[in-house]
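1. the following comprises the amino acid sequence and a computationally predicted model.
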Amino acid sequence: MAVKLDGKKLSIKLTNDLQVETKTLKNQGIIPKLAVILVGDDPASRVYVRNKHRMAEKIGIESLDLRLAKDTSEAELLEKIALLNNDPTINGILVQLPLPDQINADRITKTISPKKDVDGFHPYNLGRLFVNDPYAIPCTPNGIMYLLREYGISVDRKNVVIVGRSKIVGRPLAALMLNQNATVTVAHSHTKNLSEITRQADILVAAVGRVNFIQAQDVKPGAIVIDVGINRNAAGKLVGDVEQTEVGQVAGYLTPVPGGVGPMTIAMLMKQTIEFAKWSKQEK
Ligand SMILES: NC(=O)C1=CN([C@@H]2O[C@H](COP(=O)(O)OP(=O)(O)OC[C@H]3O[C@@H](n4cnc5c(N)ncnc54)[C@H](OP(=O)(O)O)[C@@H]3O)[C@@H](O)[C@H]2O)C=CC1
Ligand SMILES: Nc1nc(=O)c2c([nH]1)NC[C@@H]1CN(c3ccc(C(=O)N[C@@H](CCC(=O)O)C(=O)O)cc3)C=[N+]21
């Protein structure tokens with residue numbers, strides 16, 4: 001049976017540590033503040049955003065909850081971001097994805113000041129990560145690295161296979177792993193003989209967005225399997241990309257869904273906001 005990589009448990013520990021840190025900062029007159037913008041009323045996004053505000057409050061981070069109607073124009077959203085960029089009390093800005101069709105997400109991402117880009121999606125931050133001189137690090141990949149480290153798993157010399165090449169998960173995770181001396185393969189929808197490749201992985205990461213995408217026959221016995229997927233199955237249950245029951249018999253370590261990568265993502269967002277608040281007082 002695979003060892004469970006318990007992101008939920010670790011995120012609670014991390015949250016307690018961050019709570020202590022914000023108290024210390026408060027004594028120095030520093031109060032971290034995060035602005036979260038939600039455009040429209042997508043039910044899943046509303047749940048995520050609510051969780052972010054809840055977590056911020058628990059830790060002692062102030063959060064600004066900006067809700068915009070689903071027909072908000074790109075120009076209006078850009079204007080809001082410009083105001084937040086120029087507001088010295090705001091340390092972090094997050095625009096919840098996905099955005100409605102009339103808004104170009106890339107243009108929005110590029111407008112957020114790189115110094116306040118808590119998601120780490122701005123090309124400036126992705127570029128710095130790529131050349132191993134990171135400023136903001138995307139939260140989901142950062143959470144995965146944190147989880148592995150806490151369980152004493154080094155990626156150095158490991159064969160890592162990441163399925164998925166999105167800007168928010170696959171690509172930045174590949175850079176982080178490479179920076180830590182892993183040998184990285186990034187697979188995607190044009191990859192040939194995928195199962196042969198995934199079976200070579202010492203560490204296999206699934207960030208695809210499809211139920212039961214990774215099955216036991218795709219996994220090398222004893223491998224470390226990271227399930228990033230957040231999907232609803234036919235019964236409406238929250239499930240990942242990995243068929244957990246059988247893979248749990250083959251893998252050495254496995255992240256559950258829920259309770260794996262998801263809670264680590266939110267914890268990393270909070271950690272990044274606090275770092276920004278500290279860095280805003282210095283040059284970095
Ligand atoms: N736990 C968390 O904190 C987070 C979870 N997620 C979840 O992770 C999953 C992935 O998210 P995200 O990265 O945004 O997704 P995207 O949809 O942006 O990317 C999916 C990737 O999977 C690849 N892919 C799709 N079909 C196949 C296939 N048949 N074979 C091989 N590769 C395939 C795509 O390839 P191509 O590029 O060729 O199209 C693409 O690179 C989703 O379930 C999402 O909800 C996302 C963010 C945070
Ligand atoms: N600008 C932006 N930044 C993001 O980081 C971002 C985004 N947009 N859009 C959507 C994706 C997805 N994402 C998740 C975060 C936490 C959980 C999470 O905490 N999941 C819990 C379960 C939550 C539930 O029950 O629904 C778990 O896995 O245990 C999931 C998914 C962040 N994203």
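-> Perfect, I can see it now. Ligands and ions are numbered 1, 2, ... in the order given.

2. what ranges does the stretch 151-284 of the chain have for its helices?
-> For the stretch 151-284 of the chain, the helices defined by DSSP state H, counting those that start in this stretch occupy 170-179, 194-198, 244-250, 261-279.

3. what ranges does the stretch 101-250 of the chain have for its strands?
-> Secondary structure of the stretch 101-250 of the chain (DSSP state E, counting those that start in this stretch): strands located at 159-163, 183-187, 203-206, 224-227, 231-232, 238-239.

4. still on that earlier bit, so which of the helices of the stretch 151-284 of the chain comes closest to residue 72?
-> Nearest to residue 72, of all those, is helix 261-279, at 22.8 Å by CB to CB. No exception for glycine: its C-beta is placed from N, CA and C like everyone else's.

5. which strands and helices sit next to the closest one?
-> With contacts taken as 3 or more CB pairs under 8 Å, 6 or more residues apart in numbering; DSSP states H and E, helix 261-279 sits against helix 7-27, strand 33-39, helix 43-59, strand 92-95, helix 139-150.

6. could you identify which of the ones you listed is most buried?
-> Highest mean neighbour count among those (mean count of other CB atoms under 10 Å): strand 92-95, with a mean of 26.

7. any part of it near ligand 2?
-> Yes. Against ligand 2, strand 92-95 shows contacts by CB under 6 Å from any ligand atom at 94-95.

8. check whether that strand comes near ligand 1.
-> No. If you take CB under 6 Å from any ligand atom as the test, strand 92-95 misses ligand 1, and the best it gets is 12.5 Å.

9. tell me the mean pLDDT over that strand?
-> For strand 92-95, the mean per-residue pLDDT is 98.

10. which helices and strands does it pack with?
-> strand 33-39, helix 74-85, helix 261-279.

11. can you name the residues that contact residue 165?
-> 171, 174, 186-188 (CB atoms under 8 Å, 6 or more residues apart in numbering).

12. closest to ligand 1 among these?
-> Taking CB to the nearest ligand atom as the measure, ligand 1 sits nearest to residue 188 out of those, at 3.7 Å.

13. leaving out the residues flanking it, which one is nearest to that closest one?
-> residue 165 (4.6 Å; CB to CB, 6 or more residues apart in numbering).

14. ok, the one you found to ligand 1 distance?
-> From residue 165 across to ligand 1, the span is 4 Å (CB to the nearest ligand atom, to the nearest Å).

15. the helix or strand of the chain with the lowest mean pLDDT near ligand 1 anywhere?
-> In the chain, the helix or strand scored least confidently by mean pLDDT, DSSP states H and E is helix 43-59, which has a mean of 92. No. Applying CB under 6 Å from any ligand atom, one finds helix 43-59 separated from ligand 1 by no less than 8.6 Å.

16. residues of the chain that sit close to ligand 1?
-> 140, 163-166, 168-170, 187-191, 194, 207-209, 228-231, 261-262, 265.

17. swap in 5 Å and give it another go.
-> Within the chain, the positions lying close to ligand 1 (CB under 5 Å from any ligand atom) are 140, 164-166, 169, 188-189, 207-209, 228-230, 261-262, 265.
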